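Participant: Sequence and computational prediction follow.
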Amino acid sequence: MSRYNGYSRIGGVLAIVGMLAAIAGMLAAIAATPDHGPQPETEIVIVARGMTFKVVGASSIDQANPTLRFPAGASITVIFRNEDPGMRHDLVFEALGVRSRVLAFGEQQRLILAIPKEPGTHAYRCSLHPQTMRGWLTVYTEPRSL
């Protein structure tokens, strides 16, 4: 082995060690940077029961077809569950482009709502029973509880 090849190998090893150190430094800098990404999702459970929608765990649980209130730009996970024996239901947020499949009693589906960035009011409904199963989704900009 010539002297040149030995130095070349040492230089290559040092270059690799230097690159690894640089990568470790970048990862440390990223870890120290505050996260300004999307806020954590909010999850709610909406059930179809007694030919109405109800929100489980909310103060309005006994209210039929409650008004849903969410901050502008939020990402909301909805667990939609059919607890109405003998009935089939879906959940449609037409203005948001979100529609569940038609669920039989005991079935459930997870939906993701991308709440608009502008304040406003949008309807939600069951397309099979729109006369009794309909409500409103209000988008707000100031802090407010669900």
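Facilitator: On my side now, so go ahead.
Participant: going forward, measure contacts and count neighbours with C-alpha atoms only.
Facilitator: OK.
Participant: So V56 sits against V47, correct?
Facilitator: Yes. Counting by Cα atoms under 8 Å, V56 touches V47, with 7.1 Å between them.
Participant: between the two, who's got more neighbours?
Facilitator: Per other Cα atoms under 10 Å, whichever of V56 and V47 has more neighbours is V47, with 24 against 14.
Participant: Tell me the pLDDT of the more buried one.
Facilitator: For V47, the model assigns a pLDDT of 96.
Participant: need the contact list for the nearest residue to it once chain neighbours are set aside.
Facilitator: Sequence neighbours aside, R81 is the residue nearest to V47 in space, at 4.7 Å (criterion: Cα to Cα, 6 or more residues apart in numbering). By Cα atoms under 8 Å, 6 or more residues apart in numbering, the contact list for R81 reads V45, I46, V47, A48, L103, G106, E107, Q108, Q109.
Participant: Please parse this protein into its domains.
Facilitator: For the chain, automatic domain parsing gives the domain ranges 1-37, 42-140.
Participant: Out of the ones you listed, which is the most enclosed?
Facilitator: Sort those by mean neighbour count, taking mean count of other Cα atoms under 10 Å, and domain 42-140 sits at the top with a mean of 17.
Participant: And G135, how far from A95?
Facilitator: 13 Å (Cα to Cα, to the nearest Å).
Participant: Now the common contact residues for these two.
Facilitator: Jointly contacting G135 and A95 under the rule Cα under 8 Å, 6+ apart are A123.
Participant: L91 touches R125, doesn't it?
Facilitator: Yes. Between L91 and R125 a contact is recorded at 5.8 Å, counting by Cα under 8 Å.
Participant: sorry, back to before: which pair in the contacts of R81 has the greatest spatial separation?
Facilitator: Largest separation among the contacts of R81 by Cα to Cα: V45 and L103, giving 14.7 Å.
Participant: any chance you could map the strands in this structure?
Facilitator: 42-49, 52-56, 68-71, 75-82, 92-93, 98-99, 108-114, 120-125, 134-140 (DSSP state E).
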